[in-house]
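# Prediction below, plus the sequence it came from.
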Amino acid sequence: MLLAIDTSAGTAVALVADDGRVLAERSTADTRRHAEVIGPFLAEVLHEAGVAAPALNGVVTGIGPGPFTGLRVGIAAARAVALAAGIPLLPVPSHDAVALRLVEGGVAAGRFAVVTDARRREAAITVYAAALPLPTVLEPAHLVPRAGWMPPEGVVAHEAHEIPAAPLAHAALARLAAGLPFPDPQPLYLRAPDVTLSTPKRVTG
């Protein structure tokens with residue numbers, strides 16, 4: 001079983017069996033209450049499925065793209081569960097969950113883009129080619145201006161307002177089955193932090 005957590009948009013948690021069955025899931029589109037809901041969501045999905053953390057095979061964490069505050073809550077929670085249970089942490093780009101759901105549902109074919117809100121009048125975009133077991137990344141996640149942006153010729157844009165946790169786990173299962181590597185567990189912020197360290201003043205005698 002895999003526990004999947006994503007906080008790149010709202011907050012989503014799911015428990016998924018090795019065969020892909022969704023055993024329990026919780027989610028909210030609220031983008032401001034990640035820290036308040038992540039704990040209860042984790043407890044509820046484990047309780048609903050009657051599973052203890054040590055019975056898990058891994059913890060999947062969505063690594064974005066997304067804003068700093070939201071992403072760090074989900075990644076920190078996933079790290080904590082994985083460390084406490086002694087199981088692998090499996091990082092997956094959050095857009096992969098949406099892309100896989102679109103392809104499996106027959107909604108996306110050919111080349112397509114997953115679009116999520118990046119705030120500040122920008123959007124985060126990843127361009128894929130429809131394929132299974134996993135869509136192929138043609139252009140990694142990057143920022144584009146909201147106003148005036150048009151998808152490249154032949155690319156259909158699909159905007160996602162939430163990142164579902166169950167397809168995130170399905171993407172991890174597909175990587176494991178195909179023997180594909182997982183990315184580093186580093187959040188995809190796509191934007192430099194607002195606060196930076198100032199350069200120390202030189203002291204002269």
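Received it, and whenever you're ready, just let me know what you need.

# mind listing what's buried in the helix of greatest length in the chain?
If you go by DSSP state H, the chain has its longest helix at helix 68-85. Buried positions in helix 68-85, judged by neighbour count with 16 or more other CB atoms under 10 Å: G70, L71, R72, V73, G74, I75, A77, A78, V81, A82, A85. To be clear about C-beta, it is placed using only N, CA and C from the backbone, and glycine gets the same treatment.

# Columns distance to A118 and pLDDT on top of the residues you listed, output as a markdown table?
Listed next are the buried residues of helix 68-85 as a markdown table, based on distance: CB to CB, whole Å; pLDDT from 0 to 100:
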| residue | distance to A118 | pLDDT |
| --- | --- | --- |
| G70 | 12 | 89 |
| L71 | 12 | 92 |
| R72 | 16 | 93 |
| V73 | 17 | 95 |
| G74 | 17 | 96 |
| I75 | 18 | 96 |
| A77 | 22 | 96 |
| A78 | 22 | 97 |
| V81 | 27 | 95 |
| A82 | 27 | 96 |
| A85 | 33 | 93 |
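
# quick one: the closest residue to P187 other than its chain neighbours and R33, what's the gap?
Spatial nearest neighbour of P187, excluding adjacent residues (CB to CB, 6 or more residues apart in numbering): L71 at 4.4 Å. Between L71 and R33 the distance is 15 Å, computed by CB to CB, to the nearest Å.

# any weak-confidence spans in the protein?
Counting by pLDDT under 70, the chain shows low-confidence ranges at 192-205.

# residue ranges of the strands in it, please?
2-6, 11-16, 22-28, 58-62, 89-92, 111-119, 122-129, 136-145, 155-159 (DSSP state E).

# quick one: the second one to strand 58-62, angle?
For the pair strand 11-16 and strand 58-62, the angle between their directions (axes from the mean of the first three to the mean of the last three CA atoms, to 10 degrees) equals 150 degrees.

# Note down every partner strand of strand 11-16 and its orientation.
strand 2-6 (antiparallel), strand 22-28 (antiparallel) (DSSP bridges).

# for V45, what are its contacts?
By CB atoms under 8 Å, 6 or more residues apart in numbering, V45 lies in contact with L3, V13, A14, L15, L23, A24, E25, R26.

# cool, A141 as well?
Contact analysis of A141 by CB under 8 Å, 6+ apart lists G64, P65, P93, H95, A124, I125, T126, L188, L190.
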